[in-house]
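**Q** when you get a sec, could you give me coordinates for this:
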Amino acid sequence: MMADLNLMQQVDALLPQTQCGQCSYGGCLPYAEAIVSKNEKINRCPPGGVKTLVALGKLLAQDVSPLIANMQAIEQPPQLAKIRAQECIGCTKCIQACPVDAILGAAKQLHVVINAECTGCGLCVAPCPVDCIDLTVIAKSSYDPAQARARFKARQARKNKVQIDPKTSVTECAEKSYVLAAVMRAKAKKNF
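**A** Here you go, the predicted model:
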């Protein structure tokens with residue numbers, strides 16, 4: 001049991017800590033747990049690419065040579081999210097989606113990406129109702145994987161503490177109404 005825990009921590013340390021979920025797990029730690037406890041394949045991390053695949057193969061004494069060509073095809077370069085300020089409506093959906101709390105802002109206010117914390121996971125792009133977030137390929141990521149892991153764990157702990165009160169439906173309706181109105185304004189601006 002202790003050996004599995006130690007091995008899982010070693011596997012997690014080799015993963016890029018983007019927390020993107022492209023491996024079909026809810027972050028790097030759940031993927032590491034699956035690799036160790038469920039013998040999950042080690043070639044499911046596009047952000048980690050060939051470098052991570054080779055490191056995992058070495059750690060786990062697995063031959064990765066048959067997997068390299070496929071990994072080269074799906075490997076992703078480092079990315080950084082950018083919010084186009086003039087289009088941001090302050091809906092907070094990107095903040096809610098960011099697994100490492102790398103987006104700063106408040107409701108009805110401009111949001112910005114903290115470049116040094118952004119892992120380039122892309123999870124903020126889809127929920128944006130006005131499509132004002134771009135992923136930009138960069139030469140080298142500037143985030144610290146250990147810091148990203150800590151931020152992810154802190155966010156998960158915070159989310160687990162929050163209990164949803166069934167009496168908040170009025171607030172939720174007001175928020176949805178605000179977002180819908182903001183989307184309509186943004187679309188109207190784009191049409192001019």
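
**Q** show me where the protein has its strands.
**A** Secondary structure of the chain by DSSP state E: the strands cover 79-83, 103-104, 112-113, 133-137.

**Q** what angle do the last one and strand 79-83 make?
**A** Using axes from the mean of the first three to the mean of the last three Cα atoms, to 10 degrees, the direction of strand 133-137 lies 150 degrees away from that of strand 79-83.

**Q** elements contacting strand 133-137?
**A** When contacts are defined as 3 or more Cβ pairs under 8 Å, 6 or more residues apart in numbering; DSSP states H and E, strand 133-137 packs onto strand 79-83. Any C-beta I mention is one placed from the backbone N, CA and C, and that applies to glycine too.

**Q** kindly report the domain assignment for this protein.
**A** 2-74, 79-161+179-191 (automatic domain parsing).

**Q** need the ones you listed in JSON lines (columns: mean pLDDT and mean neighbour count).
**A** JSON lines is the format used below for the domains of the chain (pLDDT from 0 to 100; neighbours: other Cβ atoms under 10 Å):
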{"stretch": "domain 2-74", "mean pLDDT": "96", "mean neighbour count": "17"}
{"stretch": "domain 79-161+179-191", "mean pLDDT": "91", "mean neighbour count": "16"}
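
**Q** okay, the strands of the chain in CSV with distance to Pro46 next?
**A** Converted to CSV, those look like this (distance: least, Cβ to Cβ, whole Å):
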stretch, distance to Pro46
strand 79-83, 11
strand 103-104, 22
strand 112-113, 21
strand 133-137, 13
